[in-house]
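Enquirer: Below: sequence and its predicted model.
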Amino acid sequence: MANLKIEQIYTQCLAQGAYYIVSGSEAVIIDPLRDPNPYLERLKRDGVTLKYIFETHFHADFVSGHIDLSKLTGAPIIYGPNANPGFQAVVAKDRQVFEFGQCKIVLLHTPGHTLESSVLVLINEAGKEVAAFTGDTLFIGDVGRPDLAQNSEISQEDLAGMLFDSLRNKIMNLPKDIVIYPAHGAGSACGKNMSTETNASLENQLQFNYALRENMSKKEFIQEVLSGLTAPPEYFVHNVNMNKSGYKEYQEISSNLKKGLNADQFQELLNDKSIIVLDTRNANDFYRKFIPGSLNIGLSGDFAPWVGAILGNVNQRIALVTAIGTEEETIMRLSRIGFDNVVAYLEGGFDSWIQSEKPTDHIFRISADQYYNLIESSDLKTLDLRKESEFENDHLEEAVNLPLQSIHNWSDDLDTHKNFVIHCAGGYRSMIAASILKAKGFNNFYEIDGGFKALKQRLPTQSI
């Protein structure tokens, strides 16, 4: 319908989909990210009024922009049943209808991922159900993990059972040609088997999504959906609390851009050991020279999820080293996962540190060819930092799998006197690990340029 516009605003770093929907002179927004400006710009561009802000559930992997957006536009925030937010919002009933423009949204309560989880069904002006915004209830190829909302009174098995009922009693009864728009895709920690596709028809998912198999028993579903789940990152619980209770206004967070320090001031700041230096330059720049003790998580990769996974505590005080011109983007992307405590950034980037002749450190990086030469003449231990599933799919025969996400657990068991090598898939995660190991005092390791991809391409020919 020409009158109806659905825009999926997809953020690769978080593998997250927010939705901006316009009908006539009114719009709704579903699961917005922290920075309200992209949504305000769309409303202004289209000359429409924001009627509702829908939250499919209390998100764990990012801080939503619902509160700021509501304050700036006056639009009410809508949750499903069982929600109990610490701010003004509408807690809807199951199957409650919300009208905007010439369209309607029907809220279906679908507990399982969380108790308040809901699916939003869009009905166009002709009365046809055309889209279902499924939040973390149904992904493309997967369903939401049912362990995040467990507590002393409700287990993950209980939640999985609820999810089974929600899928079969609510979602699977929708029209087969309805388009499924989930809150996340491949790369998110909110599921385990998500597709790289960001939408699909329900008919497609009935055919290809393991969790929607015909004749699947509840017992089978519970076993399969809980199998292979890794522990959620520590920052998830902080993000849930922020989304449920409230947080600093984004305008206050962006004021951190006024906190640029020259090299001398920055060095003095680092006498405070409660502050961590986060260097967001790419690995190819970082390994050559960096401020001793700093953590490297490149802005060009899965930045926010790895900051959350490695740092854990959203209250951690952070001093930034960034590529010049990326300070604002870095602060914004940290705020998306609740890391609001940026105390300063290095003005002029790392070049200003070099020009001031401040102390630096470096990583011992080697090529794949150098690795194979070394491994032939020594008993180097090889550590593969990829996820278990990646390792099981393919790995070097001599490698030991120690996933980056649990580095704080296994790094203390490493021998400080016996040399070892680290690699990941392409070098992003291994440089994060290298910076952590350096900060812990390890100097007896090499990091492989290009990771497993380079190692596999340069694999020596095996004699038969």
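Expert: Alright, I've got the coordinates. Residues are numbered from 1 along each chain as shown.
Enquirer: For this structure, give me the ranges with low pLDDT.
Expert: 1-2, 461-464 (pLDDT under 70).
Enquirer: Pop the domain breakdown of it in here.
Expert: The chain breaks down by automatic domain parsing into domains covering 4-235, 248-355, 365-457.
Enquirer: so who does residue 317 touch?
Expert: Contacts for residue 317 (C-beta atoms under 8 Å, 6 or more residues apart in numbering) come out as 272, 274, 275, 276, 341, 343. C-betas here are computed from N, CA, C, even on glycine.
Enquirer: and what of residue 437?
Expert: Contact partners of residue 437, counting by C-beta under 8 Å, 6+ apart, are 411, 414, 422, 445.
Enquirer: which phi and psi does the second one have?
Expert: For residue 414, the backbone dihedrals are phi -70, psi 150 (criterion: degrees, to the nearest 10).
Enquirer: Please tell me I have it right and it contacts residue 442.
Expert: Yes - using C-beta atoms under 8 Å, residue 414 makes contact with residue 442 at a distance of 6.7 Å.
Enquirer: Quick one: list the elements packing against the host helix or strand of residue 19.
Expert: Here residue 19 sits within strand 16-23, counting by DSSP states H and E. Under the contact criterion of 3 or more C-beta pairs under 8 Å, 6 or more residues apart in numbering; DSSP states H and E, strand 16-23 touches strand 4-11, strand 26-30, helix 37-46, strand 179-182.
Enquirer: So residue 391 lies in a strand, does it not?
Expert: No - secondary structure assignment (DSSP: H, G, I helix; E, B strand; the rest coil) places residue 391 in helix, not in a strand.
Enquirer: can you map out the strands along the stretch 51-200 of the chain?
Expert: In the stretch 51-200 of the chain, strands defined by DSSP state E, counting those that start in this stretch lie at 77-79, 90-91, 96-100, 103-109, 118-123, 129-135, 179-182, 200-201, listed in chain order.
Enquirer: Reformat those into CSV and put mean neighbour count next to each item.
Expert: Converted to CSV, these look like this (neighbours: other C-beta atoms under 10 Å):
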stretch, mean neighbour count
strand 77-79, 22
strand 90-91, 16
strand 96-100, 16
strand 103-109, 21
strand 118-123, 24
strand 129-135, 24
strand 179-182, 25
strand 200-201, 16
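Enquirer: Turn the ones you listed into JSON lines, columns for distance to residue 326.
Expert: Converted to JSON lines, these look like this (distance: least, C-beta to C-beta, whole Å):
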{"stretch": "strand 77-79", "distance to residue 326": "31"}
{"stretch": "strand 90-91", "distance to residue 326": "38"}
{"stretch": "strand 96-100", "distance to residue 326": "37"}
{"stretch": "strand 103-109", "distance to residue 326": "37"}
{"stretch": "strand 118-123", "distance to residue 326": "35"}
{"stretch": "strand 129-135", "distance to residue 326": "31"}
{"stretch": "strand 179-182", "distance to residue 326": "29"}
{"stretch": "strand 200-201", "distance to residue 326": "34"}
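Enquirer: Is it possible to get TSV of the domains of the chain that adds distance to residue 242?
Expert: Shown next, in TSV, are the domains of the chain (distance: least, C-beta to C-beta, whole Å):
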stretch	distance to residue 242
domain 4-235	5
domain 248-355	5
domain 365-457	22
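Enquirer: Surely residue 108 is in contact with residue 118?
Expert: Yes - using C-beta under 8 Å, residue 108 is in contact with residue 118, at 6.2 Å.
Enquirer: Next up, the contacts around residue 414.
Expert: 420, 437, 442.
Enquirer: Could you pull up phi and psi at residue 321?
Expert: The phi and psi torsions at residue 321 (degrees, to the nearest 10) take the values phi -120, psi 120.
Enquirer: mind checking which helix or strand residue 318 is in?
Expert: Per DSSP H and E: strand 317-321 holds residue 318.
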